[in-house]
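**Q** after the sequence you'll find the predicted model.
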Amino acid sequence: MTMTLASLKALLEALPPVRAAVVGDFCLDAYWMVDERRSERSVETGLPTQPVREHRYSLGGAGNVAMNLRALGLRQVDAFGVIGDDPFGQEMRRLMTEAGVGIPGVLIQTSDWSTHVYIKPYREGAEQPRFDFGNFNVLADETARDLIQRLEERLSGYDVIVINEQVRTGLHGTASFRTALNALIQRHPDRLFVLDSRHYHEAYPNVLHKMNAHEALRLCGTARETEAVIPREEVMRAAQTLYTRWNRPLFVTRGPRGCLVFDQQGAHEIPGIQILGRTDPVGAGDAFLAAVAAVLGAGGDALSAATVGNMAATVVVQKIFQTGTATPAEILAVGSDPDYVYEPELAEDPRRARYVDDSEIEIIRPLPPALRITHAIFDHDGTISTLRQGWEEVMEAMMIRTILGDAYAQADETLYFKVVRRVRDYINKTTGIQTIVQMKGLVEMVREFGCVPPEQIRDAAGYKAIYNDALMEKVRQRLAKLERGELDVRDVTMKNAVAFLQRLHMAGVRLYLASGTDVEDVIREAEALGYAPLFEGRIYGSVGAVERDAKRVVLERILDDIGPEASRRLVTFGDGPVEMRETHKRGGVAIGVASDEIRRFGLNPSKRARLIQAGADLVIPDFSQMDRLLVLLGFGATTAG
């Protein structure tokens, strides 16, 4: 679903008056940061101690749902659950009271019940095995009756009631409680109940259901390994089965692949949103659930609710070492210009690929009928030129040295390879965006690893200068060989790229060159390679400002020239995700060039996956089959005249 910013703002502005109750398993997440540098031997046991440098606590489970509802701006959020007569229960009540969550239904059971607590020790940024409290709880019948009575007495005062089920030894682990709660739901068909349950969806058929893909398959009799990626087709079949079974709106989350919604209007699919930095999935499902419940409680439809929920989850997964929440401002920041991830199954599985007959041109989605191209944008590096081939290796080496600083030579293998993996993942995710933006991420990674003293950390521009110096040495060497005649243009450009530019130019198409590289370098390299005149001055590059991406700037300028309604006359060629996403958002034709920059022809599978996920309509390995491509774009094979 494409939601306008105005629609998103209107939905979020409607949330404060919503009154919500949260019934379920209230948990406490404890984060203990262990720093073994202060460890010592215990006099009593002789064992090494585990010094906790920092500890903090946040609400989890139903508690995090309540916190997310408050973060969304709801003025009334009440909690209904059970805690133990212990210090953790006291801390939970304190956190809820401080956050403005009402506790009219938070009951203390003094025996056979411990507050659900998950203690998560961290060493060197990595989570260690948890300590869990509450696994042996038994809900007393008296406690269950009291809780149901309190909820029913206040039920008419709520617009939405969220039911959370987190652990088998929580509220819902007792059959009598499930029976009593289901009877309450049936007695009040006018009330809006939304359920998120790991184990007991079948106990509450007359509610709106939220679950993840694994839970949906399990409810249909199929179990998968926890780490298994479930294909879209299987999730769709399971969701359809469950919707038919319950005849109630159904929300199925798919992690980074977004979510599915089934309601009376049919099936809807909301893509995942790209995230460049580190992620932590803890609390993302709670944020999704809270946003869905809040929007529904305000009168929104299921698709709108899921779209906002998807954005809320995107906010939360970027909050590391915490059970996070999403505020309206944070959701607006994501929703103002979301980078959706398209066709993940196709991207990751080349066996699904479909091609134009007898060609290497892969069709992701059919091109518009009667296509008439008048404007064409070309990314430079990797699409036309290979002068900068190998930039990833240059950036990787520079980033690793920068992050480790003076510890580079002495760093142990564990730390060294942890940095290597982090850098490679980051470069892979950020391929195609401005260098200055990549360097901004480098600054954060330097801070994250803590090997460089804070006063020695440079800004993004400073690190960009270091990287550019290293890369430009490689480019200068290749340009020098070109000038001496040791290389010619075909040795440093993609197969048929220059010929393809010439064919489009002769056909009257206005050509634009857009790059994340500094504009002076782009112009100089295009002139050295001889095709700068084809662009007639329309060459754009980075101006060093994070907020002004060159490819976005040129797209906006073109649309100003031709008008948004004529965007179907625009085609963009590129090997990076930015130009694919920006063109897709504006309704133009996006053609991904999954180039092998070493051979200068043939397919690079990694690029293919990134380009499809970014919204490419077609994917080509190079321009070797340009006659076929020209016909697809509405030009005859005789364009050269």
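**A** In hand now; what should we look at? Numbers count the residues shown, from 1 in each chain.
**Q** D196 touches L289, doesn't it?
**A** Yes: with contact defined as CB atoms under 8 Å, D196 reaches L289; the gap is 4.8 Å. Just so you know, the C-beta spots here come from the backbone N, C-alpha and C atoms, and that holds for glycine as well.
**Q** find the residues that touch each one of these two.
**A** Shared contacts of D196 and L289, defined by CB atoms under 8 Å, 6 or more residues apart in numbering, comprise 65, 162, 164, 210.
**Q** of all the residues you listed, which comes closest to P104?
**A** Nearest to P104, judged by CB to CB, of these is V162 at 15.4 Å.
**Q** phi and psi next, for the closest one.
**A** In terms of degrees, to the nearest 10, the main-chain angles of V162 are phi -100, psi 130.
**Q** ok, A62 next?
**A** Main-chain dihedrals, A62, degrees, to the nearest 10: phi -60, psi -30.
**Q** the one 4 residues further on too?
**A** The phi and psi values for A66, taken as degrees, to the nearest 10, are phi -60, psi -40.
**Q** okay, V546: pLDDT?
**A** Looking at V546, its pLDDT is 52.
**Q** surely A6 is within a helix?
**A** Yes: read with DSSP: H, G, I helix; E, B strand; the rest coil, A6 is one of the residues of a helix.
**Q** tally of neighbours for it?
**A** 8 (other CB atoms under 10 Å).
**Q** roughly how far apart are it and D560?
**A** 21 Å (CB to CB, to the nearest Å).
**Q** go on, M311?
**A** Distance of M311 to D560, computed by CB to CB: 28 Å.
**Q** specify which residue of those two has the higher count of neighbours.
**A** Neighbour count, other CB under 10 Å: between M311 and D560, M311 has more, with 26 against 9.
**Q** counting by contacts, list what the helix or strand hosting that one packs against.
**A** Using DSSP states H and E, M311 sits in helix 302-316. In terms of contacts (3 or more CB pairs under 8 Å, 6 or more residues apart in numbering; DSSP states H and E), helix 302-316 is packed against helix 5-13, strand 250-253, strand 259-263, strand 266-270, strand 272-273, helix 284-297, helix 328-335.
**Q** between that helix and strand 266-270, how many degrees?
**A** Helix 302-316 and strand 266-270 are oriented at 20 degrees to each other (axes from the mean of the first three to the mean of the last three CA atoms, to 10 degrees).
**Q** and the contacts of the helix or strand bottoming out on mean pLDDT in the chain?
**A** In the chain, no helix or strand scores lower on mean pLDDT, DSSP states H and E than helix 550-562, which sits at a mean of 73. The contact list for helix 550-562 (CB under 8 Å, 6+ apart) reads 374-375, 377, 379, 434, 512, 514-516, 519, 538, 540-543, 567, 569-570, 572, 574, 578-579, 582-583, 586, 588.
**Q** what subset of those is buried?
**A** Buried members of the contacts of helix 550-562, counted by 16 or more other CB atoms under 10 Å: 374-375, 377, 379, 434, 512, 514-516, 519, 538, 540-542, 567, 569-570, 572, 574, 578-579, 582-583, 586, 588.
**Q** Three-state assignment for the residue nearest to H380 when sequence neighbours are not counted, please.
**A** In space, and not counting its chain neighbours, H380 is closest to S515: 4.1 Å by CB to CB, 6 or more residues apart in numbering. For S515, the secondary structure call by three-state DSSP comes out as strand.
**Q** show the model's pLDDT score for S515.
**A** Among the per-residue scores, S515 holds a pLDDT of 85.
**Q** again, but for A637
**A** Predicted confidence (pLDDT) for A637: 54.
**Q** got it, and E215?
**A** 95.
**Q** may I ask which helix or strand encompasses it?
**A** Under DSSP H and E, the secondary-structure element containing E215 is helix 213-219.
**Q** who touches that helix?
**A** Counting by CB under 8 Å, 6+ apart, residues outside helix 213-219 touching it are 197-198, 201-202, 211, 223-224, 226, 228, 230, 234-235, 238-239, 242, 252-255.
**Q** and with 7 Å instead?
**A** 198, 201, 224, 230, 234-235, 238-239, 242, 252, 254 (CB atoms under 7 Å, 6 or more residues apart in numbering).
**Q** gap between whichever helix in the chain runs longest and the chain center?
**A** Selection of the longest helix in the chain by residue count, based on DSSP state H, yields helix 460-484. For helix 460-484, the distance from its own C-alpha centre to the chain's C-alpha centre is 33 Å (CA atoms, centre = their mean, to the nearest Å).
**Q** check which element follows it along the chain.
**A** The helix or strand immediately downstream of helix 460-484 is helix 497-506, counting by DSSP H and E.
**Q** what helices and strands are in contact with that next one?
**A** strand 510-518, helix 626-632 (3 or more CB pairs under 7 Å, 6 or more residues apart in numbering; DSSP states H and E).
**Q** buried stuff in that helix?
**A** 497-498, 500-505.
**Q** and those, which is closest to D488?
**A** Closest to D488, out of all of these and judged by CB to CB, is V498, at 10.9 Å.
**Q** next step: the contacts of helix 213-219 restricted to strands.
**A** V252 (DSSP state E).
**Q** hang on, the earlier thing: give me the contact list for the longest helix of the chain.
**A** By CB under 7 Å, 6+ apart, helix 460-484 touches 387-388, 390-391, 394-395, 398, 402, 435-436, 439-440, 442-443, 487, 492, 528, 544.
**Q** in that helix, what's buried?
**A** 460, 463-464, 466-468, 471-472, 474-475, 478-479, 482.
**Q** likewise for stretch 291-303?
**A** 291-298, 300-303.
**Q** want to throw the shared contacts of D196 and L289 into TSV with distance to S42, neighbour count and pLDDT?
**A** Below are these laid out as TSV (distance: CB to CB, whole Å; neighbours: other CB atoms under 10 Å; pLDDT from 0 to 100):
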residue	distance to S42	neighbour count	pLDDT
V65	40	34	96
V162	45	33	98
N164	40	30	96
K210	47	28	97
